[in-house]
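*Asks:* whatever this is, show me its structure:
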Amino acid sequence: MSGTKIWLRAETKPAEARSALTPTTCKALLDAGYQVTVERSTQRIFDDDEFAKIGAPLVEEGSWVKDAPKDAYVLGLKELPEEDFPLEHVHISFAHCYKQQGGWEKVLSRWPRGGGTLLDLEFLTDDVGRRVAAFGYSAGYAGSALAVKNWAWQLTHPEGQPLPGETPYANQELLIESVKKSLEEGKKQSGRSPRVLVIGALGRCGKGAVQLVKDVGIPESDIIEWDMEETKKGGPFKEIVEDADIFVNCIYLSSKIPHFVNVESLSTPNRRLSVICDVSADTTNPNNPIPVYSITTTFDKPTVPVELPGSQGPPLSVISIDHLPSLLPRESSEMFSEALLPSLLQLKTRSTARVWTQAEDLFNEKILMQEKPSTVAAYAAGASLAAIALFYVFGPNYTIDGEDSLDGNRKKSIVGLSNPANDCFINSVLQALAGLGGLRVYLIRELHRRDLDGPELYNALPALEEIPRGQRPEKLRELQQGLITRALKDMLDRLNERPIYKKTISARSFIQALEYAFRTRISRNQQDAQEFLQIIAERLCDEYHAGVKARQRLQQSVELPQEVEGDPAEVEVRIDDGSEKGLPAIIDTKLKELDNDYGFPFEGKLESQIVCQFCQYQYKPNQTAFVNLTLQVPQKSSTTLSSCFDGLLKTEYIDDFRCDRCRLQHAIELKTQERAAARSEKETERLGEEIDRIHQALQTDPEQALEGVRLPPAEAAPKRRIARHMRITVFPKIIAIHLSRSIFDHSSSSKNAAKVSFPERLPLGGILNQKWFKLLAIVCHKGSHNSGHYESFRRNNLYAPFSTPDVFSSYAQSRVASENPSAAPSPRLAARRTTPDSEPASISLSTTTVGTPSSPSLSGTSSLPSPSPSSASSQLNNNNNNNNSRLPAVTTANSSRLSLQSSLSRSPAIKPTSSSGGGSGSTTAPSSQPLSSLSPTSTARLRRRRRANDRWWRISDEKVKECKTSDVMGMQKEVYLLFYETEAVEPV
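*Replies:* This next block holds a predicted model:
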């Protein structure tokens, strides 16, 4: 007997009664000419006799290991038993080893060791990226059933006993009968049916949840179906808390979204909600939109109570079972197997069937990813000795940034990043960040300040009562220490070298720092560059604010001496450098203002406000911080970045909103009618007091919860039309824009390939406060929604300070004291008081007369010329040939600039004087040299630098090539992330 062979193995996971094949689908395969062998099973929902009746041969449980032919497909649902023997067959199942789950290396390695193949059911997708078979509908159906049973159980057991354990039902009818019985008992206690709110109601899971509610007899008037349209205004949602008894969450969580509910929104005295069923069960996901529980429940213990401050409202519990379809093993298996059948019928032509070739390609990719790290490590170990020898023979293969190459034919490139394990999403983001000058300046400034403050300041923790609730002290200390800030600066310094030959480095050191900071592994499976960017940006922002708070605690504990005379903003102090008197310096006590002037460059603020179109009541503005902006790309063939911004910032009108002010006004009308019909004086007095309180709330704060007042049910309040305004109130220095190209329909997801045109210069803000941003980098994505490749474009800019580690150590040496210290000491300026009418005194940095050769002078008549940028490198190279008095002069000027900065910035402007007319007491202000006076070589060099602004780097992992601005602007279908930086204001 010939034909494609399928071997249905018995499931070994405890309590797993589902099956990948049903008797119906098994017969369809037999009729199509397949050889189907079925292992006996004592826990499968389908009896062995059901398979025997259709003609499928039965074999012993687990016999596939020894008896299955080598060319047979071994079909199952859940993962294999934890064994270590090699696998020689082609397996079709949910293996749970592609997302680097615990022990994934051991599981995945079994197939290549035995010559077998894994075709993972989780990653079988159709042409649009939708999974060909899934259990979503059954999960929603079962979750909704348990939620209704829990609601009734709470009413019939007010003493707080948890819902008893559940076992799988033989069929759907038995489950419906059980839920109806519980529902009737609950209705006897409450006199009504529960109101059920389902979010994600248009998807597979949501449709299952809604259908169960209808099947048990809950009227449609008590079923609230929400999807993306209803949730786009952002939560937390008062309607969930006050209008529903049961909340069923059925969304597919792909990115961070506002919370649906949280502890604060649930702590209202008007709470009606008593049951939450989180079918998604994103318990450990940091983006969980229901952050009120922390454990995954089971069928043995289906619920977990939610602890809220106070004891107002009914008891609240959560159902978060991650294998809900097992409650209905027969129906869920039938639906899954029926959806999988068309793909199984293509196994005869597996070599050409897209669904199977794609699954096999993914398997080979995962195997290669597993093997690459050891291969790279072995190569690196063998090549390290050779690299050391080659260095001393041939010298370095890069130049110092900013130094003009002596060989004009050599083109300087930038450093690439290796991609050992699907790291393109990491590499593209890091290369884009390396092209942001404002970010590099921030990192340098922030770390320099931390070095000056000393580690003791950032190692000290606040009092325990000041530590945010739920945050570990050790995590707060790491935020204050700036671990990721330092790791990112080191990474960007390495990426900003300018090698003259191809150079590739690894981002592993930075990845290890991230993994240590978050105490988790970064998965390489279908990762998103935007999510990686957000992780970095939010962590940097948290470290910045933790550092600011640490400095503020120190400032609050230190007070200035009261006897200081003069301007309290300037005090003469000395820095302890080990010498007897120390180094003089000026410390500005207004340093705390710098934290506001130079904040985290990615951080901005959005403000949203709701206005009722009926009563014109304006809700309190809700201000949120952001580190990147997500803009939805419209589903059309082409659009513009401006249109995408309109989707975020334009006024949005929403219907069926219950305004708090209108609700209170409605309550006054009802209570006025009740008072007129009251039969007792006591009732009339009570209603009068309530009306007065409501009037007072209308005049003060309609949004505040009223105590001691029984308001009408929220669903009785009139529905109004509201306008929702959104605007950027604080613009970041660097604005990172994410173009969301994901399209989610009822049961699948795909990529929006619309063309988005974006400008090189981006205007944002109103007419009076308009700001201009310049495009510095973009990240592009090529491929489908579930697979593809990221690459980045960054403008060919040269940012100071430059990175030249290891070989010449020039940057490191610039941080230590000079080997040839200046003979002139640093100036010591006493604290002084200046008046607005006083003339600015001339400032002299000379210590002796100009003509004394032994003592250098920094006066305006000094013979030391002002170095121009074009001659800086040649001047430094000729230092050894010049007299010894010139280098110390430069050192003194540099050392004096820092200590005088805060003082000169508050002094009146000093008018520049010509170098020929000044004496030792005058200072010549630096002025730019006229272009006409420059040499032809310098003029040509300036022209070349202006042309360089049109040059970009296109970077795909280790591959780097030059391109032009027009090439960047042409990436309209692929652009995914954009990075704009505030343009510097031109001086008048």
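
*Asks:* mind listing what's buried in the helix or strand residue 445 falls within?
*Replies:* According to DSSP states H and E, residue 445 maps onto helix 437-453. Within helix 437-453, the residues scored as buried using 16 or more other Cβ atoms under 10 Å are 437, 438, 439, 440, 441, 442, 443, 444, 446, 447, 450. Backbone N, C-alpha and C define where each C-beta goes, glycine included.

*Asks:* from those, pick the one nearest residue 627.
*Replies:* Nearest to residue 627, judged by Cβ to Cβ, of these is residue 439 at 11.7 Å.

*Asks:* distance-wise, check the closest one relative to residue 780.
*Replies:* 20 Å (Cβ to Cβ, to the nearest Å).

*Asks:* residue 78 against residue 14, yeah?
*Replies:* No: contact between residue 78 and residue 14 fails when scored by Cβ atoms under 8 Å: they sit 10.2 Å apart.

*Asks:* counting neighbours, go ahead and name the busier of these two.
*Replies:* Legend: neighbour count by other Cβ atoms under 10 Å for residue 78 and residue 14, higher for residue 78 (15 against 6).

*Asks:* skipping adjacent residues, who's closest to residue 339 in space?
*Replies:* residue 133 (3.9 Å; Cβ to Cβ, 6 or more residues apart in numbering).

*Asks:* mind pulling up the phi and psi values for that neighbour?
*Replies:* phi -150, psi 140 (degrees, to the nearest 10).

*Asks:* so the nearest residue to residue 365 once chain neighbours are set aside: helix, strand or coil?
*Replies:* Of all residues not flanking residue 365 in the chain, residue 422 sits nearest, at 7.7 Å (Cβ to Cβ, 6+ apart). Assigned with DSSP: H, G, I helix; E, B strand; the rest coil, residue 422 falls in the coil class.

*Asks:* go on, residue 91?
*Replies:* strand.

*Asks:* residue 477 against residue 461, yeah?
*Replies:* Yes: between residue 477 and residue 461 there is a contact under Cβ under 8 Å: 6.0 Å.

*Asks:* any idea which residue sits dead centre in the chain?
*Replies:* residue 534 (2.6 Å; Cα atoms, centre = their mean).

*Asks:* secondary structure element holding it?
*Replies:* Going by DSSP H and E, residue 534 is part of helix 529-557.

*Asks:* also residue 962?
*Replies:* Per DSSP H and E: strand 959-964 holds residue 962.

*Asks:* what pairs with that strand, parallel or antiparallel?
*Replies:* Under the criterion DSSP bridges, strand 959-964 sits next to strand 951-956 (antiparallel) in its sheet.

*Asks:* so what touches the partner strand?
*Replies:* 413-414, 416-417, 424, 427-428, 431, 435, 789, 791-796, 960-965, 967-968 (Cβ atoms under 8 Å, 6 or more residues apart in numbering).

*Asks:* can I get the helix or strand following the strand holding residue 962 in PDB, CA atoms only?
*Replies:* Once the chain leaves strand 959-964, the next helix or strand it forms, by DSSP H and E, is helix 965-969. Extracted in PDB, the C-alpha atoms of helix 965-969 (Å, rounded to 0.1, in the frame of the first residue of the first chain):
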ATOM      1  CA  THR A 965      19.100  62.100   0.200                       C
ATOM      2  CA  SER A 966      17.000  61.200  -2.800                       C
ATOM      3  CA  ASP A 967      17.600  57.500  -2.100                       C
ATOM      4  CA  VAL A 968      16.400  58.000   1.500                       C
ATOM      5  CA  MET A 969      13.300  59.900   0.400                       C
END
